[in-house]
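In: Predicted coordinates and the sequence they were generated for:
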Amino acid sequence: MMKPSAPATPAIALLCFLLGVFLTLEAQAASLSVMPIMIDGSGGQAAHVVTLHNGGEKPLQAQVRILAWRQVNGEDILEETRRVVASPPIAEVGPGGNFTIRIVRVAGDPITEEESYRLLVDEIPDAALRRNGLVAIAIRFSVPAFFSTAEAAPARIVWSVVRSGSRPQLVGRNLGDKRLKLSDLSYGGRPVAKGLAGYILGRSEKAWPLPAGAGGAGGAGVVTAATDRGPLSGLANGR
């Protein structure tokens, strides 16, 4: 004869509850997707379409913004802009449905060097979750957007190692007009950034801290990376 199962302890019951909440929130967060994952306005194209898709079973809302993107002292800076607009600013996407966002460069001046922006799409948390005392997770998509002309010079990267405080940094300076996307960045045969390492924008520089023992200012080493333009290899000199 099978014995009746013992009642769940409060700790196990709490764990099961939290697991259920986590799975519910994970499923809700995964319901929104954005396509394309990069906007390339090369050749002077001023208007683009972005599609939001709701793969869930409930309607959702998202806030849409576009910010100017530049790099200062090796760091990414996002700022308010009126040169490019995203319309409409609020999207309501039904279950299994799509919603179209228009991205338009409205600035009247001609493009000289490549202009860089970030389209931010923030899912607005379900108010019902907050009313029920649950944690509402807001998911954000950050889509790079670029506007350039056919005459824009391709990326050309010069590498150096500099000291920032007590730790050396690998700095890539882009002498070209167009950005370069890097992944699996290494210095002297040692990984600096696994997977996506980020972008070096046109006429800008980007910095990465070097791992311990990878060398310091005044040294030299080979830099390798995969890029959206093919494999990259260069020599970094200290400065």
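Out: That came through fine.
In: So for residue 168, what's the pLDDT?
Out: Looking at residue 168, its pLDDT stands at 92.
In: what about it, distance to residue 72?
Out: As judged by CB to CB, to the nearest Å, residue 168 and residue 72 stand 20 Å apart. Heads up, the C-betas are built off the backbone N, CA and C, glycines and all.
In: what do you get for residue 231?
Out: Where residue 72 is concerned, residue 231 sits at a distance of 29 Å (CB to CB).
In: any weak-confidence spans in the protein?
Out: Applying pLDDT under 70 to the chain picks out residues 1-30, 129-136, 215-219, 238-239.
In: Domain parsing of it, as residue ranges.
Out: Domain assignment for the chain by automatic domain parsing gives 17-147, 157-238.
In: which of those domains is buried the deepest?
Out: Neighbour counts (mean count of other CB atoms under 10 Å) averaged over each of the domains of the chain peak at domain 157-238, with a mean of 17.
In: what's the spacing between that one and its chain's center?
Out: 18 Å (CA atoms, centre = their mean, to the nearest Å).
In: residue ranges of the helices in this protein, please?
Out: 10-29, 127-131 (DSSP state H).
In: Distance of the residue nearest the centre of the chain relative to residue 61?
Out: By CA atoms, centre = their mean, the chain has its centre lying nearest to residue 142, at 4.7 Å. Residue 142 sits at a distance of 18 Å from residue 61 (criterion: CB to CB).
In: what pairs with the closest residue to residue 35 other than its chain neighbours across the strands?
Out: In space, and not counting its chain neighbours, residue 35 is closest to residue 51: 5.0 Å by CB to CB, 6 or more residues apart in numbering. Residues in a beta bridge with residue 51, per DSSP bridges, are residue 35, residue 100.
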